[in-house]
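Chemist: Predicted structure and sequence below. I'll ask about it afterward.
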Amino acid sequence: MTQLLTDTITRLVGDIWMSQTLWPTMLTLCDDCNGRFVGSDDERRATEFIKSSFERYGLTHVHLEEFPVHGWRRGPASLTVNGHEFTCIGLPGTPPCDVQAPVVFLGDGEPADFDKAGDKPKGKIALVRGKGSHRLEKYARAVKAGAIGFIFSATEPGCLPPTGSLEFGGNPAPIPGIGIAYETLARLERTAERGEMTARMAIQAELFDAVGHNVIADLLPPGADDKTPLLMMCGHCDGHEIAQGAVDNASGTAAVMEAAQALKTAYAALAAQGQAPKLGVRFALWSGEEIGMIGSGHYANAHPDELARVQLVFNCDIVGNPGPLWIGLNGYDCDRVAQRMRSLAANQLHDTQVMSDRVVPYSDHFSFYLKGVPSLMAATGGGKSPGPHTYGDTLDKVDVRALRSVTSFSARILLDLACDPSPLPARHATPEEIQEALRKAGYEDLLKAQNRWKF
């Protein structure tokens, strides 16, 4: 590493830690644009704000890209079990319903729980805990088992029912679903121990055609053309409309925006001294992540030629929680990239863990992993937080120190790789390699149920 690059990285990190735009950006995203649910006026207001910010930073090719989505608007929801009423909320994408049926409690909703239940879920309402595998995996199992309703719980105390989409392969959700609080589940578990449960689920919701918006911008070295290799830094700007979506994912949006601003200054400084980076950086803020990674999936499908240029996707999703930084790196032959990140993390104040041994399928980087592009997800946490996907995901939950630390680390990694791309994999993974990895990770059945198994 040259002295010029060392000095530039020092200034880059200092710019991010001293930036006066981070908190105003968070205020705009959370207070002025609320939850930014895809297809809403709030989402459009947020994406226009991001676009104008990228233009002000001096990035190039700044534009919005539209994509179609199944719009959904929340209405009241109610749950009555054995004559007792409980607070609940509809899960995004759920069809409206008014159903009454026996409830079958399926524990954590894992494959073994459904295997043990046999045909008991058929024609009944499936009740599962939130812990363990992802909500959509439990939902897919309930649908496959013939359940006619789905009840999903929060994992942490706080009397906050969770939200989260029932995206099902781009099609309307096949059975209705609701979220209940951790404490409600505890009471229903006790009820199940005493005997049978019968529930009435009533949900009002509106389904309609809508449009979502991605924001794209480039930072390119001098002399770049349409063949110049790229790194991609991204996150999702949409959230759930029940709260501000502050941690999930205004924090990731702000990290991408702050990194873009600081990297623009760093690129200019290096180019002025004749040491311009070799790679460009594409910044992208996706919408529709919360209903199934729709925006990033649309982009990945629509731009195959551009994906051939992308060497690494760096996805920031939930980076404003207190706790250590966790990086899940997915892709072919990524050991050298992981090692470079670990060595740079050793000098960070923030505790950082880099993992490259398991597939992480539930954020926007996965849209690119399916195309063979080396991809990673960066997130912070580790402690108990009832915030994301609940009414509690508000601005007061954001740890600004963690957010600045993750942003500076991310920008530093990108600048390092842009100037010396030798640790990056020489090629993208083949469809056969991705298929094998997904099967090994146990995601084949889930992706087939969601109509996302494209092999």
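Modeler: Good, I have the coordinates. Residues are numbered from 1 along each chain as shown.
Chemist: going forward, measure contacts between C-alpha atoms and count neighbours the same way
Modeler: OK.
Chemist: can you pull out the strands in the protein?
Modeler: Applying DSSP state E to the chain gives strands spanning 60-81, 84-86, 89-90, 97-105, 125-128, 149-153, 177-180, 197-219, 230-236, 280-286, 310-316, 325-330, 352-355, 375-380.
Chemist: Which strands border the last one, and is each parallel or antiparallel?
Modeler: The strands that strand 375-380 pairs with in its sheet are strand 310-316 (parallel), strand 325-330 (antiparallel) (by DSSP bridges).
Chemist: Check the fourth one too.
Modeler: Sheet pairing here is set by DSSP bridges, and for strand 97-105 it gives strand 125-128 (parallel), strand 197-219 (antiparallel).
Chemist: Over to the second one?
Modeler: For strand 84-86, the pairing partners within the sheet under DSSP bridges are strand 60-81 (antiparallel).
Chemist: Pull out the buried residues from the partner strand.
Modeler: The neighbour-count check on strand 60-81 (16 or more other CA atoms under 10 Å) flags 62-64, 67, 69-74, 77-81 as buried.
Chemist: cool, stretch 296-306 as well?
Modeler: In stretch 296-306, counting by 16+ other CA under 10 Å, buried: Ser296, Gly297, His298, Tyr299, Ala300.
Chemist: now, which of those residues lie within helices?
Modeler: Ser296, Gly297, His298, Tyr299, Ala300 (DSSP state H).
Chemist: per-residue pLDDT, the first one?
Modeler: Read it as Ser296. What the model reports for Ser296 is a pLDDT of 97.
Chemist: OK, contacts around it?
Modeler: Asn214, Trp286, Ser287, Gly288, Glu289, Asp364, His365, Ser367, Phe368 (CA atoms under 8 Å, 6 or more residues apart in numbering).
Chemist: sorry, back to before: which one of the strands paired with strand 97-105 is the most hemmed in?
Modeler: Counting by mean count of other CA atoms under 10 Å, strand 125-128 has the highest mean neighbour count of these, with a mean of 28.
Chemist: quick check: mean pLDDT across it?
Modeler: Averaging pLDDT along strand 125-128 gives 98.
Chemist: I'd like the distance from that strand to the chain centre, please.
Modeler: Strand 125-128 has its C-alpha centroid displaced from the chain centroid by 25 Å (CA atoms, centre = their mean, to the nearest Å).
Chemist: Just give the closest residue to Pro374, not the sequence neighbours.
Modeler: The spatially closest residue to Pro374, leaving aside those adjacent along the chain, is Gly331, at 4.3 Å (CA to CA, 6 or more residues apart in numbering).
Chemist: between the strands paired with strand 97-105, which one is nearest to Val99?
Modeler: Set against Val99 and scored by CA to CA, the strands paired with strand 97-105 come closest in strand 197-219, at 5.4 Å.
Chemist: any chance of the buried residues of stretch 296-306 in JSON lines, plus distance to Arg412?
Modeler: JSON lines is the format used below for the buried residues of stretch 296-306 (distance: CA to CA, whole Å):
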{"residue": "Ser296", "distance to Arg412": "24"}
{"residue": "Gly297", "distance to Arg412": "27"}
{"residue": "His298", "distance to Arg412": "29"}
{"residue": "Tyr299", "distance to Arg412": "26"}
{"residue": "Ala300", "distance to Arg412": "26"}
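Chemist: Quick one, which of the strands of the chain gets closest to Asn171.
Modeler: Of these, the one closest to Asn171 (CA to CA) turns out to be strand 60-81, at 8.0 Å.
Chemist: and the angle for the closest one with strand 280-286?
Modeler: 30 degrees (axes from the mean of the first three to the mean of the last three CA atoms, to 10 degrees).
Chemist: Ser343: neighbouring residues, count only.
Modeler: 10 (other CA atoms under 10 Å).
Chemist: Please give me every residue in contact with Glu43.
Modeler: Contacts for Glu43 (CA under 8 Å, 6+ apart) come out as Cys33, Gly35, Arg36, Phe37, Gly212, His213, Cys237, Asp238, Ser287.
Chemist: got a winner among the residues you listed for most neighbours?
Modeler: Ranking these using other CA under 10 Å puts Asp238 first, with 37 neighbours.
Chemist: ok, it - contacts?
Modeler: By CA under 8 Å, 6+ apart, the residues touching Asp238 are 35-38, 43, 245, 249-250, 286-290.
Chemist: Try it again at 7 Å.
Modeler: Counting by CA atoms under 7 Å, 6 or more residues apart in numbering, Asp238 makes contact with Gly35, Arg36, Phe37, Val38, Glu43, Asn249, Ser287, Gly288, Glu289, Glu290.
Chemist: doesn't Gly288 make contact with the fourth one?
Modeler: Yes - using CA atoms under 7 Å as the test, Val38 is close enough to Gly288 to be in contact (5.3 Å).
Chemist: Now do the shared contacts for the two.
Modeler: Contacts common to Val38 and Gly288, judged by CA under 7 Å, 6+ apart, are Gly212, Asp238.
Chemist: Dump the contacts of Glu43 into JSON lines; add pLDDT and distance to Thr352 as well.
Modeler: As requested, those are exported to JSON lines (pLDDT from 0 to 100; distance: CA to CA, whole Å):
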{"residue": "Cys33", "pLDDT": "98", "distance to Thr352": "31"}
{"residue": "Gly35", "pLDDT": "95", "distance to Thr352": "29"}
{"residue": "Arg36", "pLDDT": "98", "distance to Thr352": "29"}
{"residue": "Phe37", "pLDDT": "97", "distance to Thr352": "31"}
{"residue": "Gly212", "pLDDT": "97", "distance to Thr352": "33"}
{"residue": "His213", "pLDDT": "98", "distance to Thr352": "32"}
{"residue": "Cys237", "pLDDT": "98", "distance to Thr352": "24"}
{"residue": "Asp238", "pLDDT": "98", "distance to Thr352": "26"}
{"residue": "Ser287", "pLDDT": "98", "distance to Thr352": "27"}
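Chemist: tell me which of these is nearest to Phe409?
Modeler: Out of those, the member with the shortest distance to Phe409 (by CA to CA) is Cys237, at 20.3 Å.
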